[in-house]
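> can't give you the sequence, but here's the structure:
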């Protein structure tokens, strides 16, 4: 997986190559998805085996805008582009990777032992 972090206010770009694993549960019947570290359902469009999630959220003084797409049938490309900002900080995260099949037990284990999100992992490094 490749993650690119852009910090426009600091004129800085960081690129990371790693094997980060994120767990998602997709409910195709109800057009929604859940990430194990949030444990909350989010509405999504599911078209031709691709889950597409657009978001524009304000939470804790931050605005998060972006999208994610994940090919689930058959497993394939994962693409995410998100900008998080407030009056003082702006960070853009672009993720490119691949979706691999997973067992329900793997998602359940990740749900019970949540890891920090992509944003939390990077901000703790700063």
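Done, it's in. Computed from a predicted model, the values in this text were never measured in an experiment.

> which pLDDT value belongs to the nearest residue to residue 35 once chain neighbours are set aside?
Setting aside the residues directly before and after it, residue 35 is nearest to residue 24 in space (Cβ to Cβ, 6 or more residues apart in numbering), at 5.5 Å. For every residue, glycine as well, the C-beta is placed using N, CA and C. Model confidence at residue 24, given as pLDDT, is 88.

> kindly report the same for the one 3 residues further on.
pLDDT, residue 27: 93.

> ok, residue 68 next?
On pLDDT, residue 68 comes in at 93.

> quick one: buried residues of stretch 9-20?
Residues of stretch 9-20 classed as buried: none (neighbour count, 16 or more other Cβ atoms under 10 Å).

> who does the helix or strand where residue 92 lies pair up with?
Using DSSP states H and E, residue 92 sits in strand 90-98. As defined by DSSP bridges, the strand partners of strand 90-98 come to strand 2-7 (antiparallel), strand 75-85 (antiparallel).

> let me see the contact set for residue 56.
63-65 (Cβ atoms under 8 Å, 6 or more residues apart in numbering).

> closest to residue 17 out of these?
Nearest to residue 17 among the contacts of residue 56: residue 64, at 24.0 Å, using Cβ to Cβ.

> who does residue 84 form a beta bridge with?
Note on residue 84: beta-bridge partners by DSSP bridges are residue 64, residue 91.

> if we can go back for a sec, what's downstream of the strand holding residue 92, the next helix or strand?
As assigned by DSSP H and E, the chain's next helix or strand after strand 90-98 is helix 104-112.

> give me the residues contacting that following helix.
Identification of contacts with helix 104-112 by Cβ under 8 Å, 6+ apart yields 23-25, 36-37, 39.

> by mean pLDDT, show me the worst of the strands paired with strand 90-98.
The minimum mean pLDDT among the strands paired with strand 90-98 belongs to strand 2-7 (a mean of 76).

> can you say which of the contacts of helix 104-112 are buried?
When the contacts of helix 104-112 are checked for burial by 16+ other Cβ under 10 Å, the buried set is 23-25, 36-37.

> report pLDDT for residue 118.
52.

> same deal with residue 65?
96.

> if I look at it, how far off is residue 3?
17 Å (Cβ to Cβ, to the nearest Å).
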